[in-house]
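A.B. asks: here's a sequence, model it:
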Amino acid sequence: MKLLYSDKKTGMTASVELDEERAALLLNRKIGSEVDGSAFGLTGYTLKITGGSDSSGFPLERSVSVQGKVRTMRVQHRKRGAAVRRMMVRGNVITSDVKQVSTIITAYGSKPIEDIFPKKEKTETEEKKEDKK
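C.D. replies: Numbering: from 1, shown residues only. Predicted structure coming up:
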């Protein structure tokens, strides 16, 4: 399972690959619940679960309280009116089928924010763009 954590203040995002023991701490939790970040290497931080997806790419839906996949109706507003679209989603409970969990940081620890987000290496294309400027 992969855990994505992001900071709303800076807009930075990073991910951590979880082994089975640490992934078990997220099982049976719902979207919107808060988790202590110390189990994931973020000592003192609190994470709020905001979403996720399963191995097939189906997103978790906050309003669906079923543990499996369901078909929902979504209304999309367009210039000429509303269009109804059927969409397959998963429930709001994290199960063993979920492969990615998205979270945001709600409470900060003593460790600086720059230390918990890894430094991004510049690719060759980014370096070429900077050279052109």
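
A.B. asks: right, and Leu4 touches Ile104 too?
C.D. replies: No: in this structure Leu4 lies outside contact range of Ile104 using C-beta atoms under 8 Å: 9.4 Å. C-beta coordinates here come from the backbone N, C-alpha and C atoms, glycine included.

A.B. asks: which parts of the protein are strands?
C.D. replies: Listed in chain order, the strands of the chain (DSSP state E) span 2-6, 13-17, 34-36, 46-54, 69-78, 81-90, 98-107.

A.B. asks: separation between the one residue sitting closest to the centre of the chain and Met88?
C.D. replies: With distances taken as C-alpha atoms, centre = their mean, the residue of the chain nearest its centroid is Ser102 (1.1 Å). With distances taken as C-beta to C-beta, to the nearest Å, Ser102 is found 19 Å from Met88.

A.B. asks: in this structure, what spans have low per-residue confidence?
C.D. replies: For the chain, applying pLDDT under 70 flags the ranges 66-68, 71-81, 120-129, 132-133.

A.B. asks: related to what we said a few turns ago, can you pull the contacts of the residue nearest to the centre of the chain?
C.D. replies: Ser102 makes contact with Leu4, Ser6, Ile49, Thr50, Gly51, Gly52, according to C-beta atoms under 8 Å, 6 or more residues apart in numbering.

A.B. asks: show me the contacts for Lys9.
C.D. replies: With contact taken as C-beta under 8 Å, 6+ apart, Lys9 is in contact with Ile113.
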